[in-house]
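S.K.: Give me a 3D structure for the following:
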Amino acid sequence: MTIQLKSSLIIIATLLLGMGIGLWGGIQLTKSEMAAMQQTKNAPKGIVRMLENHIKPTPEQREAIIPIVKKYRPRFKMLRQTQRQEWAKVADSLLRDIDPILTDKQRMRIARKREQFKKRTAKEQNGNAESAKQEESYRNEKEQ
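M.R.: Numbers count the residues shown, from 1 in each chain. So this is what the prediction gives:
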């Protein structure tokens, strides 16, 4: 084995090792970000955890904060729903613009992903029927 070949193998091995470490680090970072998002998504528990991390409340403060956070939960859910609807409008527009460029196979992939998204969204909305009742109650309180 020549020196040039050894040098090339060392460079390639170093490059592959760096790519592997970068990929692993990216996956770990994404997992932690997703976990953090999931915590706040499941309000009020997620919001309470976020507040605990930032303000470090005493046990008495925590007990006082929980009902307040529960009061705001329907509003957060309403905002998330509105944001989701706006996102869907932008995504629809984007897909209309790129549709002429895509192959039939790519269009089918997008259609499958959208169907999965719709099913997941419908499942979440069914689970949020209680939240809708709470939001209506909040609106009625606000109007009075």
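
S.K.: Okay, domains of the protein per the record?
M.R.: Listed domain ranges for the chain are 1-39, 72-143 (source: automatic domain parsing).

S.K.: can you give me the helices in the protein?
M.R.: Listed in chain order, the helices of the chain (DSSP state H) span residues 3-41, 45-55, 59-98, 104-127, 129-143.

S.K.: okay if I get the domains of the chain as JSON lines plus mean pLDDT?
M.R.: Below are these laid out as JSON lines (pLDDT from 0 to 100):
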{"stretch": "domain 1-39", "mean pLDDT": "84"}
{"stretch": "domain 72-143", "mean pLDDT": "80"}
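
S.K.: mind checking which of those domains is nearest Ala64?
M.R.: Taking C-beta to C-beta, domain 72-143 is the member of these nearest to Ala64, at 13.9 Å. The way it works is simple: take the backbone N, C-alpha and C, and place the C-beta from them, glycine included.

S.K.: which of the domains of the chain sits most buried?
M.R.: Mean neighbours per residue, mean count of other C-beta atoms under 10 Å, is largest over the domains of the chain for domain 72-143, with a mean of 12.

S.K.: quick one on the thing from earlier: may I see the domains of the chain organised as a markdown table, with distance to Arg49 added?
M.R.: Output for the domains of the chain, formatted as a markdown table (distance: least, C-beta to C-beta, whole Å):
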| stretch | distance to Arg49 |
| --- | --- |
| domain 1-39 | 5 |
| domain 72-143 | 14 |
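
S.K.: Nearest to Gln61, out of those domains?
M.R.: That would be domain 72-143 among the domains of the chain, by C-beta to C-beta, at 16.4 Å.

S.K.: How far off centre is that closest one?
M.R.: Chain-centre distance of domain 72-143: 12 Å, with C-alpha atoms, centre = their mean, to the nearest Å.
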